[in-house]
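pasting the sequence and the predicted model now:
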Amino acid sequence: MQQAKYLIPDLYTADPAVHVFNGKVFIFPSHDVESGIPENDNGDHFDMRDYHVFSTDDIENGVLTDHGVVLDVKDIPWAGRQLWDSDAAHKNGKYYIYFSLKDKNDVFHIGVAISENPEGPYKAQDAPIKGSYSIDPCVFEDEDGSHYMYFGGLWGGQLQRYRNNKAIEVGQEPADEESALCSKVAKLTENMLEFSEEPRDVLILDEQGEPLKAGDHSRRFFEASWLHKYNDKYYFSYSTGNTHLLCYAIGDNPYGPFTYQGVMLTPVVGWTTHHCITKIKDKWYLFHHDSQPSGGRTWLRSLKVVELTYNADGTIKTIQGQVSEN
């Protein structure tokens, strides 16, 4: 697969999480809906009400099955509005969707929904994960069976409203010369429903071993945490937001610190860049989205997939964000 391929032509979908369950590929995206609200930095124009799940036996050539709506905002007891990015996990015969959602006070938290099958339907818990905040959960399973959640996003994702896991009076980003705000990570409990510890900072270091600065907009974390493991190294990848890059850093354990390595994907059509990285059979794939099919409207996005390859030293070859003709 040399060029990025669009996956779901008949539905606007974004923020992919892709996993192999029971030998099949399952895609858990967010679902973009036309809102009629003018675009703004808080993301109010993203009117996202439900999740679909898709599956296929062959990501490059197979038919994609839409399993329909598996979770709707109206069925979540604590819901306010906006079902943003989600991820999925499997443990002890149960499947879990972790989702970003604003509560009735318009504050983002992370919730959990459970199913007996990867294709759903999923039933939400009565309350969000205690101590959760912001957006974009990614759940990584390490080889020892431990699960870690990474989360956080600036601006509309509200991460700037918190310090040391506590809400602050006036939320804003640090000054340019100060350390950048970090994604967060917390190990999950055995039942997969809560944090087993206080969330920690996911520290990204520069080549001199210093934390990236808030003013370093081409490298600092903005949103879209993802973690995968390759050749015994942990790869933390993320979006830089307003500079529209997907970057990555490498570390020796799930908590980091991670040393910045470079750009995985250059800008695509549309403002947001969000992704996941998944190994399917013997190949690695980068799933992401752009807004080309909707004419560049950043709140109506479409999923894409392209093969991801590594250099001999373990670094990732940069993918150019050109629009495919598919």
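Arrived safely.

every contact and neighbour count from this point should use C-alpha atoms.
Fine.

any figure for the gap between Gly296 and Asp290?
Counting by C-alpha to C-alpha, to the nearest Å, the separation of Gly296 from Asp290 is 8 Å.

who has more neighbours, the two?
More neighbours surround Asp290 than the other of Gly296 and Asp290, with 28 against 15 (other C-alpha atoms under 10 Å).

quick one: mean pLDDT for stretch 271-280?
Looking at stretch 271-280 alone, the average pLDDT works out to 96.

okay, how far is it across that stretch, tip to tip?
End-to-end distance of stretch 271-280 (C-alpha to C-alpha): 28 Å.

tell me which residues are up against that stretch.
The list of residues contacting stretch 271-280 from outside it, by C-alpha atoms under 8 Å, 6 or more residues apart in numbering, reads 14-20, 25, 223-224, 226-228, 238-239, 241-242, 244-246, 267, 284-290, 298.

mark which of those are buried, thanks.
For these, burial is judged from neighbour counts taken by 16 or more other C-alpha atoms under 10 Å, and it is met by 14-20, 25, 223-224, 226-228, 238-239, 241, 244-246, 267, 284-290, 298.

in strands, which of these fall?
Residues of the buried ones among the contacts of stretch 271-280 located in strands (DSSP state E): 14-20, 25, 223-224, 226-228, 238-239, 246, 284-290.

tell me the confidence at Gln2?
The predicted local distance difference test score for Gln2 is 67.

list the buried residues in stretch 202-222.
Per 16+ other C-alpha under 10 Å, stretch 202-222 contains these buried residues: 202-206, 211-222.

overlap in contacts, Gly296 and Asp290.
The overlap between the contact sets of Gly296 and Asp290 (C-alpha under 8 Å, 6+ apart) consists of 269-270.

check contacts around the residue sitting nearest the centre point of the chain.
Closest residue to the average C-alpha location of the chain: Ala224 at 4.1 Å, with C-alpha atoms, centre = their mean. The neighbours of Ala224, taking C-alpha under 8 Å, 6+ apart as the test, are 136, 151-153, 237-239, 273-275.

of the residues you listed, closest to Val63?
His275 (21.4 Å; C-alpha to C-alpha).

so what's the residue count around Asn165?
When counting by other C-alpha under 10 Å, one arrives at 16 neighbours for Asn165.

once you drop chain neighbours, what's closest to it?
Leaving aside its chain neighbours, Asn165 sits nearest to Pro199 (7.1 Å; criterion: C-alpha to C-alpha, 6 or more residues apart in numbering).

which residues touch that neighbour?
With C-alpha under 8 Å, 6+ apart as the criterion, the residues that contact Pro199 are 165, 184-187.

which one of these is nearest Leu193?
Nearest to Leu193, judged by C-alpha to C-alpha, of these is Lys187 at 10.7 Å.

tell me which of the contacts of Pro199 fall in strands.
Judged by DSSP E, the subset of those located in strands is 184-187.

those residues into JSON lines, with extra columns for neighbour count, pLDDT and distance to Ser100?
Formatted as JSON lines, the entries for these read as follows, by neighbours: other C-alpha atoms under 10 Å; pLDDT from 0 to 100; distance: C-alpha to C-alpha, whole Å:
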{"residue": "Lys184", "neighbour count": "24", "pLDDT": "98", "distance to Ser100": "14"}
{"residue": "Val185", "neighbour count": "25", "pLDDT": "99", "distance to Ser100": "15"}
{"residue": "Ala186", "neighbour count": "23", "pLDDT": "98", "distance to Ser100": "16"}
{"residue": "Lys187", "neighbour count": "23", "pLDDT": "98", "distance to Ser100": "18"}
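
for the contacts of Pro199, give me CSV that also has distance to Ala124.
Written out in CSV, the entries for those read as follows (distance: C-alpha to C-alpha, whole Å):
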residue, distance to Ala124
Asn165, 24
Lys184, 23
Val185, 22
Ala186, 21
Lys187, 20
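
looking at those, which two lie furthest apart in space?
Asn165 and Lys187 (14.8 Å).

under the pLDDT cut-off, which ranges of the stretch 201-326 of the chain? List them.
Regions of the stretch 201-326 of the chain meeting the criterion pLDDT under 70 cover residues 322-326.

quick one, strands of it?
According to DSSP state E, counting those that start in this stretch, the stretch 201-326 of the chain carries its strands in the segments 204-205, 223-230, 233-239, 246-251, 258-265, 275-280, 283-290, 302-308.
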